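Visitor: this one's sequence-less:
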């Protein structure tokens, strides 16, 4: 039974827990980290590490997506971002960076990003960006919003996209509108020959409804980070430990309901350190979506600045453009080390491998059963 807390006379709230509220409990067994596999597979596509990049221009260019794929993860290009709107996306990014450096006007970068996103999406530029990834031989993934999914998907598929992500702040299987025709995810997914990852979600009910649309993966969360401002602007928050566990429960029930169809749970938010990645998998995630954690790599297009796709919303941006140190370790070192940093910001997946070894698990799906303890 879910813990309900009375917050006032006649009003209750569900208790939820963030990743900081739980700790992984060692088992009676340990093993060598050399015997641990971090591989996972969605549909026909296999990856060496459970990494999906957050689809923002700040960290994913076509070249970065290729490099992530070469290192065993899945780089996701934002099909509605600058590479789809401007012939010289690098110069457009530089305009955002220069605006972000104006200390006297902290909102200048957001206005610049909104202006750059007011340019129309060009199918030729989008096709060119996708083909740059496709020609490298890595798995090609792109993100579209629910509003533009039907419009952009034919172009993406023709260009070679192999995994499609339909992502918004909150995505549901049932979107009610007064005027116009909403995206029917069930019909939309049924008409495609590629796996679709959809989200974000924050609770069991929405997760299982999305699974019933035929989605191959469900995103939990909306990229909570230092940059995201969804809680401040909308009052909506996702306690990630609880949300991941709820989505994992929906996955289990849907598996029973369908007689064996497995839907992947991808955690997106609250993942600042390698220990957070381990906790997300321990709560039930199959993979993690990293954004801000990749900002300071030498390959990051925005040179140490980070924002989510919601920063460019024309009327209600839900992300600031935050600056980090920038140009630190390269991507390979960030993911696999070696590291001299003792706080879990480098060698992210080497740390996950070590956490699994220290608790006696050799496969990601096994590690989802590790013991957890509340610490707050």
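Guide: That came through, no problem. A quick note: this is a predicted structure, and the numbers were derived from the prediction, not measured.

Visitor: now the phi/psi pair for residue 14, please.
Guide: Dihedral pair for residue 14: phi -80, psi 140, per degrees, to the nearest 10.

Visitor: relative to residue 17, how far out is the nearest residue to it once chain neighbours are set aside?
Guide: In space, and not counting its chain neighbours, residue 14 is closest to residue 2: 5.6 Å by CB to CB, 6 or more residues apart in numbering. All C-beta spots, glycine's among them, are computed from the backbone N, C-alpha and C. Relative to residue 17, residue 2 is positioned 12 Å away (CB to CB, to the nearest Å).

Visitor: one more: residue 208?
Guide: Remark: distance between residue 208 and residue 17 (CB to CB) = 20 Å.

Visitor: try residue 369
Guide: Taken as CB to CB, the span from residue 369 to residue 17 is 18 Å.

Visitor: same deal with residue 7?
Guide: For residue 7, the distance to residue 17 equals 17 Å [CB to CB].

Visitor: look at the two and report which has more neighbours.
Guide: Set side by side, residue 7 and residue 17 show more neighbours around residue 17, with 19 against 9, by other CB atoms under 10 Å.

Visitor: quick one: which helix or strand includes the more buried one?
Guide: Under DSSP states H and E, no helix or strand contains residue 17.

Visitor: on the pLDDT front, check it for me.
Guide: Note for residue 17: predicted pLDDT of 94.

Visitor: now the top helix by length along the chain: buried residues?
Guide: The residue-count maximum for a helix in the chain (DSSP state H) belongs to helix 240-258. Using 16 or more other CB atoms under 10 Å as the test for burial, helix 240-258 gives 240, 241, 242, 243, 244, 245, 246, 247, 248, 250, 251, 254.

Visitor: for it, give the mean pLDDT please.
Guide: 97.

Visitor: what does stretch 97-109 give?
Guide: Rounded mean pLDDT across stretch 97-109 is 86.

Visitor: how far out from the middle of the chain is that stretch?
Guide: How far stretch 97-109 lies from its chain's middle: 26 Å, per CA atoms, centre = their mean, to the nearest Å.

Visitor: other residues contacting that stretch?
Guide: Residues from elsewhere that reach stretch 97-109, judged by CB atoms under 8 Å, 6 or more residues apart in numbering: 96, 111, 112, 302, 303, 305, 320, 321, 323.
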